[in-house]
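**Student:** For reference, the sequence and a predicted model appear below.
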Amino acid sequence: MEFATWIVLAVTVAVVVWIMAVFNMLVQRRNRIANAYAQIDVQLKRRYDLIPNLVEVAKRYLAHESSTFEAVARARGAAVTAAAAARVRPTDAATVNTLALAEQELGGTMGRLMAVAESHPELKADETMRSLSEELTSTENRIGFARQAYNDEVLAYNDAASQFPALIAARLFGFDQAAMLQSTQNAQEREAPRLAF
């Protein structure tokens, strides 16, 4: 074989090895996003399990607030559905945005429930309500930390998939940009619900 043929062969092998390395790196980063979302999902499930218990305790004292309870139940249902979809496709921007919107709605309805609950001293004094509120607050903090870890993984993946020359392999194999998980859209919603019992 000629020297030129060897050079072409060596360059071809180098390009194939490079593409394989980039592909494997992007798969690994995408898997890290899925793992980070799984950590969020664990905490979301914990929150979703706490909410009905909190509502049941509140119902004993606030029977006249049925519209608030129904709004919480609807928002919780939408959030559970959105979280299940995000569990399947944690890098899909539309799915993650749907989850963020559902979580915003749930946070808003929970904030209204807590505001109503705070105006009733007998409910504030209920030991079960206080315990559930503390658990919910702790869970919200865990969700915040898990969301930060998820967003860090998304950033690392998006950086890797959008920098040249890896960008070529990323586009060739369909590694699209992943979406960050935003907690809220406006300043009012950025305030954590007060759970002072």
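**Tutor:** Looks like it arrived, so ask away. Residues are numbered from 1 along each chain as shown.

**Student:** Next, the contact list for A170, please.
**Tutor:** 22, 26, 160-162 (C-beta atoms under 8 Å, 6 or more residues apart in numbering). Glycine gets a C-beta too; all of them are placed from N, C-alpha and C.

**Student:** Check L44 too.
**Tutor:** Contacts of L44 (C-beta under 8 Å, 6+ apart): 79, 83, 143.

**Student:** For E2, give its distance to E56.
**Tutor:** Relative to E56, E2 is positioned 82 Å away (C-beta to C-beta, to the nearest Å).

**Student:** again, but for I40
**Tutor:** Counting by C-beta to C-beta, the gap from I40 to E56 is 25 Å.

**Student:** who's in contact with M25?
**Tutor:** 160, 166.

**Student:** and it, which of the three is it?
**Tutor:** On the three-state scheme (DSSP: H, G, I helix; E, B strand; the rest coil), M25 is labelled helix.

**Student:** and what of the one 3 residues further on?
**Tutor:** Per three-state DSSP, the local secondary structure of Q28 is helix.

**Student:** Let me see the contact set for it.
**Tutor:** No contacts exist for Q28 under C-beta under 8 Å, 6+ apart.

**Student:** could you point out which element follows the helix or strand in which A36 is found?
**Tutor:** Here A36 is covered by helix 3-61, with elements defined by DSSP states H and E. Downstream of helix 3-61, the next assigned helix or strand under DSSP H and E is helix 66-88.

**Student:** More neighbours: which of E2 and E56?
**Tutor:** E56 (12 against 7; other C-beta atoms under 10 Å).

**Student:** ok, now how distant is that one from R147?
**Tutor:** Taking C-beta to C-beta, one finds E56 at 28 Å from R147.
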